[in-house]
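A.B. asks: Following is a predicted model, sequence given first.
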Amino acid sequence: MEYWQFILWNVIFVVIFTLFSTALAFIYILAVLCPGWAVWVRRLHDTNRSAWWIFFSLIPIVGNIGMTVVLCSKGTEGSNDYGEEQ
């Protein structure tokens with residue numbers, strides 16, 4: 001599953017769960033928190049960046065925009081510091 005598909009499905013599920021119950025949406029968000037970070041780290045590794053770049057998103061507005069650009073950019077072709085292209 002691609003990164004954008006993971007985000008899209010999560011947004012859809014959160015909206016649906018929020019229509020029924022905010023608590024249900026909160027439980028779902030907690031359940032996908034760790035897998036979400038794993039997908040995020042894998043995408044950063046695809047672009048030959050360290051997982052420490054996640055902290056860049058903590059900067060208000062600029063960090064979120066910058067991280068969106070980084071995550072949407074094309075990954076490195078061939079091998080990089082984090083292994084072979086899959």
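C.D. replies: Ah, there it is.

A.B. asks: Quick check: which ranges of this structure have low pLDDT?
C.D. replies: By pLDDT under 70, the low-scoring segments of the chain are 1, 86.

A.B. asks: Dump stretch 60-70 to CSV, restricted to CA.
C.D. replies: The C-alpha trace of stretch 60-70 is given here as CSV (Å, rounded to 0.1, in the frame of the first residue of the first chain):
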residue,chain,number,x,y,z
PRO,A,60,3.9,24.9,13.2
ILE,A,61,2.7,25.5,9.7
VAL,A,62,6.2,25.5,8.0
GLY,A,63,7.0,22.0,9.3
ASN,A,64,3.8,20.5,8.1
ILE,A,65,4.1,22.1,4.7
GLY,A,66,7.7,21.1,4.4
MET,A,67,7.0,17.5,5.5
THR,A,68,4.2,17.3,3.0
VAL,A,69,6.6,18.3,0.2
VAL,A,70,9.2,15.8,1.4
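
A.B. asks: in this structure, which residue is closest to the centre?
C.D. replies: Per C-alpha atoms, centre = their mean, the C-alpha nearest to the average position across the chain is that of Trp40, at 3.7 Å.

A.B. asks: contacting residues around that one?
C.D. replies: Trp40 is in contact with 3, 54, 71, counting by C-beta atoms under 8 Å, 6 or more residues apart in numbering. Quick note: C-beta positions are derived from backbone N, CA and C, even for glycine.

A.B. asks: go with 7 Å
C.D. replies: Taking C-beta atoms under 7 Å, 6 or more residues apart in numbering as the criterion, Trp40 is in contact with Ile54.

A.B. asks: any chance you could read off phi and psi for it?
C.D. replies: Torsion angles at Trp40 (phi, psi; degrees, to the nearest 10) stand at phi -60, psi -50.

A.B. asks: how close does it get to Leu19?
C.D. replies: For Trp40, the distance to Leu19 (C-beta to C-beta, to the nearest Å) stands at 26 Å.
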